[in-house]
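Q: Just to be clear, the model below is a prediction. Sequence and coordinates:
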Amino acid sequence: MFQLRRLEYDDVEWIFDACQDEAIQRWTLIPRPYSLEDAEWFVENEPEYVTMVIEDSESSMPLGLVSIHDIDEITREAPMGYWIAPWGRGMKAASAAVKLLIATITPDENIQSVVAYIAEENTVSRRTIERAGFVEVEREWGMAREFMNEVMALKYRKTL
Ligand SMILES: CC(C)(COP(=O)(O)OP(=O)(O)OC[C@H]1O[C@@H](n2cnc3c(N)ncnc32)[C@H](O)[C@@H]1OP(=O)(O)O)[C@@H](O)C(=O)NCCC(=O)NCCS
């Protein structure tokens, strides 16, 4: 139903369109306002450990992005993030994509666990990550942002 693929230059336009969305601007760290140049920079530089496009398997329509931001060399924790464009929501694409990305990177001896920091108020995303098999492990102030302001984060973990 869903599949992942690497970023391509043609992704700039739909990423720009998707990132005009209020919920994505509210709960992720994308620049605000989000310009076409921001999308071009992201696709050209791929600034994260791995970023994959989530697409519908049948139509190949791009629905969102799922990423592993980086890896903490000491704890071997890998924080991840995701968003789904407004036109792809409500189909459980995000939780499927999280599972697919983990399956794609496993085994990776640099990573012991994958974690997600989610704003306490972002109940939709909390349900998403729980559906992907993560468990809440702690609360940390400031590890999530709402419109760029630091808020209480719940840390979720899945051990590989
Ligand atoms: C969080 C997010 C990734 C969930 O993606 P998703 O694949 O659409 O998730 P689901 O299909 O499980 O839908 C989750 C909820 O969205 C709501 N929803 C359903 N259809 C929707 C639609 N067309 N538009 C908006 N929300 C919808 C429902 O409340 C649904 O919950 P339920 O099915 O458990 O009742 C997505 O909402 C998103 O990108 N949000 C903004 C960015 C964000 O919060 N990223 C995560 C940061 S930690």
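A: Thanks, I have the structure now. These numbers were taken from a predicted model, which means no experiment stands behind them. Numbering: from 1, shown residues only.
Q: Tell me who's in contact with S95.
A: Residues in contact with S95 (Cβ atoms under 8 Å, 6 or more residues apart in numbering) are T128, I129, R131, A132. (Glycine included, C-beta is placed from N, CA and C.)
Q: What does the residue nearest to it when sequence neighbours are not counted show for phi and psi?
A: Closest residue in space to S95, ignoring its immediate chain neighbours: R131 at 4.0 Å, by Cβ to Cβ, 6 or more residues apart in numbering. Main-chain torsions, R131, degrees, to the nearest 10: phi -60, psi -30.
Q: What's the separation between R131 and S35?
A: Distance, R131 to S35, by Cβ to Cβ, to the nearest Å: 33 Å.
Q: Who has more neighbours out of those two?
A: R131 (14 against 11; other Cβ atoms under 10 Å).
Q: do you know how far that one is from the ligand?
A: Separation of R131 from the ligand (Cβ to the nearest ligand atom, to the nearest Å) stands at 7 Å.
Q: Kindly report the same for L7.
A: Taking Cβ to the nearest ligand atom, one finds L7 at 17 Å from the ligand.
Q: what sits against that residue?
A: Per Cβ under 8 Å, 6+ apart, neighbours of L7: V43, E46, T51, M52, V53.
Q: Mind pulling up the pLDDT for it?
A: On the pLDDT scale, L7 is placed at 97.
Q: what do you get for the one 4 residues further on?
A: pLDDT, D11: 98.
Q: Quick check: residues of this structure near the ligand?
A: Residues of the chain found near the ligand (Cβ under 6 Å from any ligand atom) are 23-24, 27-28, 81-84, 89-94, 118, 122, 124-125, 127-128.
Q: Return the set of buried residues in stretch 59-78.
A: Buried residues in stretch 59-78, counted by 16 or more other Cβ atoms under 10 Å: P62, L63, G64, L65, V66, S67, I68, H69, I71, E77, A78.
Q: err, stretch 149-160, not the other one
A: Using 16+ other Cβ under 10 Å as the burial criterion, the residues of stretch 149-160 that qualify are V151, A153, L154, K155, Y156, R157, K158.
Q: Longest helix of this structure, counting residues only.
A: Secondary structure of the chain per DSSP state H: the longest helix is helix 93-105.
Q: for the helix or strand following that helix, packing partners?
A: Following helix 93-105 in sequence order, the next helix or strand is strand 113-119 (DSSP states H and E). If contacts are counted by 3 or more Cβ pairs under 8 Å, 6 or more residues apart in numbering; DSSP states H and E, strand 113-119 sits against strand 77-84, helix 123-131, strand 135-146, strand 149-159.
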